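Peer 1: Here's a sequence, model it:
(one chain, ligands or ions: 2)
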Amino acid sequence: MSVSVSSLEPSTTTDVLLRVEGVSAGYGHVSVVHEVSFAIAPKQLVTIVGANGAGKSTLLRTISGINRATTGRIRLEDVEIQRLSSARIATLGIAQVPENRRVFPKHSVLDNLRLGGYVGRKDKDGSAARLEDVVERFPVLRERTKQSAGTLSGGEQQMLAIGMALMADPKVLLLDEPSLGLAPLIVDQVFEHIRALSEQGRAILLVEQLAQKALALADVGYVLQLGRFVAQGPGAELAKDRALLRAYLG
Ligand SMILES: Nc1ncnc2c1ncn2[C@@H]1O[C@H](COP(=O)(O)OP(=O)(O)OP(=O)(O)O)[C@@H](O)[C@H]1O
Ligand SMILES: [Mg+2]
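Peer 2: Ligands and ions are numbered 1, 2, ... in the order given. The predicted structure is shown next:
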């Protein structure tokens with residue numbers, strides 16, 4: 001029941017914040033993402049769902065410059081970024097919350113947040129305000145600023161990881177399976193935060209195995225199977241398509 005991609009994509013270049021065009025990527029001679037194309041408009045939440053090994057993390061890491069695209073182009077606004085270093089891409093305004101919410105366990109919550117600001121866009125004046133925004137958004141972090149990050153629960157660490165990315169005030173926030181290993185109730189809380197960020201105008205690319213919930217949040221959704229999009233449509237419609245989700249996500 002998928003809708004044609006053209007009707008979902010931002011129509012003019014000025015509507016596009018991030019454009020991924022014919023991107024392939026992989027490891028050594030093995031390609032795991034095959035000529036994937038999609039775009040994110042300002043303020044849009046795009047969700048890509050796919051089973052284990054579909055290539056979701058590889059695709060995200062290719063956008064953030066950790067992996068190299070072997071074909072295709074990636075544009076952030078009017079800058080081509082596919083050959084830039086991950087550090088440069090972060091500075092331009094893409095922040096990735098990695099799979100398994102990697103935080104620095106021995107460092108305090110506050111130091112983790114400061115580090116998030118350091119790797120991102122250089123705007124020292126804004127960092128105090130961003131820190132205030134993050135601890136306001138995640139009050140549990142405010143209560144634990146001096147605690148080492150490794151002592152936080154999984155859900156709290158996920159919120160810290162998102163907070164670290166927000167400290168860079170990214171134009172596009174990439175989220176790699178934020179639900180991983182969390183109890184359903186905590187997943188709902190994390191997804192509520194993602195919804196709030198989106199409603200406040202943050203452009204977000206969310207990749208998830210937890211298809212139904214992640215698609216329900218999305219303006220536009222895609223199903224990735226073995227490195228290719230096999231379906232796309234408005235997130236809410238894909239979320240309701242049980243046959244589709246069963247076919248590709250089990
Ligand atoms: N560092 C690596 N070296 C070699 N192959 C890799 C590497 N990382 C991933 N792969 C392979 O690439 C394919 C896609 O993996 P990827 O991690 O991108 O999938 P995913 O959709 O994120 O899966 P998951 O839901 O398990 O996180 C898999 O076949 C995987 O085995
Ligand atoms: Mg992954």
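
Peer 1: State the distance from the residue nearest the centre of the chain to ligand 1.
Peer 2: Of all residues in the chain, the one closest to the mean position by C-alpha atoms, centre = their mean is Leu174, 2.0 Å from it. Applying C-beta to the nearest ligand atom, to the nearest Å, the value for Leu174 to ligand 1 is 12 Å. In short, each C-beta sits where N, CA and C put it, glycine included.

Peer 1: Which residues are in contact with that residue?
Peer 2: Leu174 sits next to Leu60, Ile63, Ser64, Ile94, Ala95, Gln96, Val97, Ile204, Leu205, Val207 when contact means C-beta atoms under 8 Å, 6 or more residues apart in numbering.

Peer 1: May I see those residues organised as CSV, with distance to Ser86, neighbour count and pLDDT added?
Peer 2: Shown next, in CSV, are these (distance: C-beta to C-beta, whole Å; neighbours: other C-beta atoms under 10 Å; pLDDT from 0 to 100):
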residue, distance to Ser86, neighbour count, pLDDT
Leu60, 12, 24, 98
Ile63, 10, 24, 98
Ser64, 6, 19, 97
Ile94, 9, 28, 97
Ala95, 11, 24, 96
Gln96, 9, 25, 96
Val97, 14, 23, 96
Ile204, 19, 22, 98
Leu205, 16, 24, 98
Val207, 17, 24, 98
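
Peer 1: Sort out for me which of these are in strands.
Peer 2: Among the contacts of Leu174, the ones falling in strands (DSSP state E) are Ile94, Ala95, Gln96, Val97, Ile204, Leu205, Val207.

Peer 1: Closest to ligand 1 out of those residues?
Peer 2: Closest to ligand 1 out of the ones in strands among the contacts of Leu174 is Val207 (6.9 Å), distances taken as C-beta to the nearest ligand atom.

Peer 1: Which residues are in contact with the residue with the largest distance to the centre of the chain?
Peer 2: When distances are taken from the C-alpha mean of the chain, Lys146 lies farthest, 27.2 Å away, according to C-alpha atoms, centre = their mean. Lys146 is in contact with Ser108, Val109, Leu110, counting by C-beta under 8 Å, 6+ apart.

Peer 1: from the contacts of Leu174, which is closest to ligand 2?
Peer 2: Relative to ligand 2, the closest of those is Val207; by C-beta to the ion it sits at 7.0 Å.

Peer 1: what pairs with the closest one across the strands?
Peer 2: With DSSP bridges as the criterion, Val207 is bridged to Ile48, Asp176.

Peer 1: So in the protein, where's the weakest helix or strand by average pLDDT?
Peer 2: Sorted by mean pLDDT, DSSP states H and E, the helices and strands of the chain end with helix 5-8, the least confident at a mean of 48.

Peer 1: Was I right to think Leu238 contacts Leu244?
Peer 2: Yes. With contact defined as C-beta atoms under 8 Å, Leu238 reaches Leu244; the gap is 6.7 Å.

Peer 1: the more surrounded of these two?
Peer 2: Using other C-beta atoms under 10 Å as the criterion, Leu238 and Leu244 rank with Leu238 on top: 27 against 20.

Peer 1: Quick check: residues of the chain near ligand 2?
Peer 2: Lys56, Ser57, Glu99 (C-beta under 5 Å from the ion).
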